[in-house]
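Enquirer: generate coordinates for the sequence data below:
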Amino acid sequence: KINVVATDINPDATYNTQINSQRLQIEDRLRVFNGNVLEGIPDDYLFDYIFWALPFGFVPADQELSYEGMQVFDSGYKAIKQFFETAQAHLKPKGKLLVGYSSDLGNNMLLHELAKHAGLKLKVLKKTYLKEEKKLRFELMIGEYGS
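Expert: Presented below is the predicted three-dimensional model:
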């Protein structure tokens, strides 16, 4: 019995999450917020873990994206940068980030540069391979601030 907080920039996604929580009868353990990255979550919410399957596809910073595009792509890694820079304020002492990522498709050098700039050290916790048109690596990373 854990409590979960979910957030999404797309209001249709947050509405769908609320409907599914009612259908699954877990609405008493799930809070859903709408906002970009962590902006919709109240400042006093603190977590042991924050998980985000990053939109690791890199596109230029000036490229506009639809909500659907934001599921996979992040223009200039602006959302990832914002996440790394703001997530620590929502973590309990010794809290950690869990980050879903694909170094085969993402800009690995920029990801680690943004993490370092935010005082975050990322390391691969687990990896698996997905079979698409070609085999793709997908990693679950753990991040600790001040390490």
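Enquirer: which residues of the chain score low on pLDDT?
Expert: Applying pLDDT under 70 to the chain flags residues 147.
Enquirer: helices of that one, residue ranges please.
Expert: 11-23, 78-86, 108-117 (DSSP state H).
Enquirer: Serialize those to TSV and add fields for mean neighbour count and distance to residue 101.
Expert: All C-beta atoms are positioned from the backbone trio N, CA, C, and that covers glycine. Below are the helices of the chain laid out as TSV (neighbours: other Cβ atoms under 10 Å; distance: least, Cβ to Cβ, whole Å):
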stretch	mean neighbour count	distance to residue 101
helix 11-23	14	20
helix 78-86	19	9
helix 108-117	15	7
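Enquirer: want to throw those into CSV with distance to residue 143?
Expert: Output for the helices of the chain, formatted as CSV (distance: least, Cβ to Cβ, whole Å):
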stretch, distance to residue 143
helix 11-23, 24
helix 78-86, 8
helix 108-117, 7
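Enquirer: residue 39: which of those is closest?
Expert: With distances scored as Cβ to Cβ, the stretch of those nearest to residue 39 is helix 78-86 (8.1 Å).
Enquirer: so what secondary structure elements neighbour the closest one?
Expert: The contact analysis (3 or more Cβ pairs under 8 Å, 6 or more residues apart in numbering; DSSP states H and E) places helix 78-86 against helix 108-117.
Enquirer: give me the residues contacting the helix it packs on.
Expert: 54, 56, 58, 77, 80, 81, 84, 85, 101, 121, 122, 143 (Cβ atoms under 8 Å, 6 or more residues apart in numbering).
Enquirer: want to throw those into JSON lines with distance to residue 91?
Expert: Shown next, in JSON lines, are the contacts of helix 108-117 (distance: Cβ to Cβ, whole Å):
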{"residue": "54", "distance to residue 91": "17"}
{"residue": "56", "distance to residue 91": "21"}
{"residue": "58", "distance to residue 91": "26"}
{"residue": "77", "distance to residue 91": "21"}
{"residue": "80", "distance to residue 91": "17"}
{"residue": "81", "distance to residue 91": "17"}
{"residue": "84", "distance to residue 91": "12"}
{"residue": "85", "distance to residue 91": "13"}
{"residue": "101", "distance to residue 91": "19"}
{"residue": "121", "distance to residue 91": "14"}
{"residue": "122", "distance to residue 91": "15"}
{"residue": "143", "distance to residue 91": "10"}
